[in-house]
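**Student:** Provided below for reference: sequence and predicted model.
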Amino acid sequence: MKFSRQTTLRSHVTVTGVGVHSGDAVKLSLGPADVDAGFVFVRTDREGPSRKVSAEASAVVATELATVLGTHEGPLVSTAEHVLAALRGMGVDNAIIEVDGPEVPIMDGSAAPFVAAIDRAGIREQTAPRRFIEVLKPVQVSRGQSFGELRPYVGGFRAEVEICFANPMIGRQSFNFDLTPDGFRRDISRARTFGCMDDVEQLLKAGYVRGASLDNSVVFSGDRLLNPEGLRYADECVRHKVLDVVGDLALAGLPLIGLYRSVRGGHRLNHAVLSALMADRSAWRVVEAEPVARRARGHAEVVGGLLGGMVPVYGPDVS
């Protein structure tokens, strides 16, 4: 949260790759957007108003193995979470995301290629003060063995994520992370999506992972890691789950001030918790940073300088 004013990209930048589920070649471009635009996906291979969708919780139409956004006419763009994580993680508020097919390219399975694209485009401050959604009270969702919650937190946005898989190479892992651009780049952005060979045949029959490979996924087979280069982090799997959290919660429409905790979670749980928060108007308010550009250095200044300079815009007492 290094900016007190809203930000967008300085220029357009393009990446190409394949869809991890479709296997189709796809081109994605990131570009500047107006103040308060948020993140807007545009299908360049379509015509008419239905080719655009704002990245908001209400636009989610599916969460099976990926976050899928759509309109009243149906799904529009799948696997949106990694590029959204990169934009939110690097402190971008407003961007146009153009894609020439139904799925965002998987790239290397992480957010790092999108971070590199943002670096090439550059980030610029805009004239309007930055706005945040501040969590005011706990909101919880439980589904079987899965549990997720958002609760107040004074230090910006924090994720505490725990996973537990039967595969012995994954097992139980946990990771706690306070979101900053530097921390996202260093600790989260390079963590790749992962899976097990035992699940591949079933997923292929269901129409998934047609573009998956060792070039874009961490793959385990029993007690073996199939990727010859090894892991990027010893706990890469849980770090990737944190990456997904950052991307899925970007669908709040504004950066969150709060703590998100999940156990055995995924896209479905992330969306359920965010939807529960947005549905309870007593659980959050929008706050605005003072319209004076600051460069927060260290946690103390983020708390004292940024949050201390928050001005409520509207809250639970406003209809």
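**Tutor:** Thanks, I have it.
**Student:** can you tell me the SS state at residue 233?
**Tutor:** The local conformation at residue 233, judged by DSSP: H, G, I helix; E, B strand; the rest coil, is coil.
**Student:** so what's it closest to, chain neighbours aside?
**Tutor:** Residue nearest to residue 233 in three dimensions, not counting chain neighbours: residue 239, with 5.4 Å by CB to CB, 6 or more residues apart in numbering. No exception for glycine: its C-beta is placed from N, CA and C like everyone else's.
**Student:** name the SS class of the one you found, please.
**Tutor:** helix.
**Student:** tell me the spacing between it and residue 215.
**Tutor:** For residue 239, the distance to residue 215 equals 19 Å [CB to CB, to the nearest Å].
**Student:** tell me which of those two has more neighbours.
**Tutor:** residue 239 (24 against 14; other CB atoms under 10 Å).
**Student:** now do the contacts for the more buried one.
**Tutor:** Counting by CB atoms under 8 Å, 6 or more residues apart in numbering, residue 239 makes contact with 175, 187, 188, 191, 233.
**Student:** again, only this time at 6 Å
**Tutor:** Residues near residue 239 by CB atoms under 6 Å, 6 or more residues apart in numbering: 175, 188, 191, 233.
**Student:** cool, and residue 203?
**Tutor:** Applying CB under 6 Å, 6+ apart to residue 203 gives the contacts residue 209.
**Student:** after the helix or strand that contains it comes which helix or strand?
**Tutor:** Taking DSSP states H and E as the definition, residue 203 sits inside helix 200-205. Going down the chain from helix 200-205, the next helix or strand is strand 218-221, by DSSP H and E.
**Student:** okay, buried residues for that following strand please.
**Tutor:** Neighbour counts over strand 218-221 (16 or more other CB atoms under 10 Å) mark 218, 219, 220 as buried.
**Student:** pretty sure residue 169 is in a strand, no?
**Tutor:** No - counting by three-state DSSP, residue 169 is located in no strand; its state is coil.
**Student:** beta partners of the nearest residue in space to it that is not next to it in sequence?
**Tutor:** Leaving aside its sequence neighbours, residue 169 sits nearest to residue 220 (CB to CB, 6+ apart; 4.6 Å). Under DSSP bridges, the beta-bridge partners of residue 220 are residue 196, residue 225.
**Student:** which ones among the contacts of residue 239 lie within helices?
**Tutor:** Per DSSP state H, helices hold no members of the contacts of residue 239.
**Student:** low-confidence stretches in this structure?
**Tutor:** For the chain, the stretches with pLDDT under 70 are 1-3, 290-311, 313-319.
**Student:** is it true that residue 22 touches residue 101?
**Tutor:** No - the criterion here is CB atoms under 6 Å, and residue 22 misses it with residue 101 at 7.3 Å.
**Student:** give the contact list for residue 86.
**Tutor:** Shown in contact with residue 86 (CB under 6 Å, 6+ apart): 111, 114, 115.
**Student:** could the residues you listed go into JSON lines alongside neighbour count, distance to residue 47 and secondary structure?
**Tutor:** Shown next, in JSON lines, are those (neighbours: other CB atoms under 10 Å; distance: CB to CB, whole Å; DSSP: H, G, I helix; E, B strand; the rest coil):
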{"residue": "111", "neighbour count": "32", "distance to residue 47": "30", "secondary structure": "coil"}
{"residue": "114", "neighbour count": "27", "distance to residue 47": "27", "secondary structure": "helix"}
{"residue": "115", "neighbour count": "22", "distance to residue 47": "32", "secondary structure": "helix"}
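**Student:** so where do the helices sit in the stretch 1-150 of the chain?
**Tutor:** Ranges of helices in the stretch 1-150 of the chain, per DSSP state H, counting those that start in this stretch, are 81-89, 112-121.
**Student:** before we move on, what SS does the residue nearest to residue 153 when sequence neighbours are not counted have?
**Tutor:** Using CB to CB, 6+ apart and skipping the chain neighbours, the partner closest in space to residue 153 is residue 259 (3.7 Å). Classification of residue 259 using three-state DSSP returns strand.
**Student:** equivalent analysis for residue 229, please.
**Tutor:** coil.
**Student:** follow-up on the earlier one: out of the helices of the stretch 1-150 of the chain, which is closest to residue 206?
**Tutor:** Residue 206 sits nearest to helix 81-89 of all the helices of the stretch 1-150 of the chain, at 19.2 Å, using CB to CB.
**Student:** residues contacting residue 30?
**Tutor:** Residue 30 is in contact with 9, 13, 95, 97, 117, counting by CB under 6 Å, 6+ apart.
**Student:** identify the bridge partners of the first one.
**Tutor:** For residue 9, the beta-bridge partners under DSSP bridges are residue 123.
**Student:** for it, give its distance to residue 26.
**Tutor:** 20 Å.
**Student:** can you check residue 249 too?
**Tutor:** Applying CB to CB, the value for residue 249 to residue 26 is 24 Å.
**Student:** for the most centrally placed residue in the chain, which three-state class applies?
**Tutor:** Nearest residue to the geometric centre of the chain (CA atoms, centre = their mean): residue 247, 0.6 Å. Secondary structure, three-state DSSP: residue 247 is helix.
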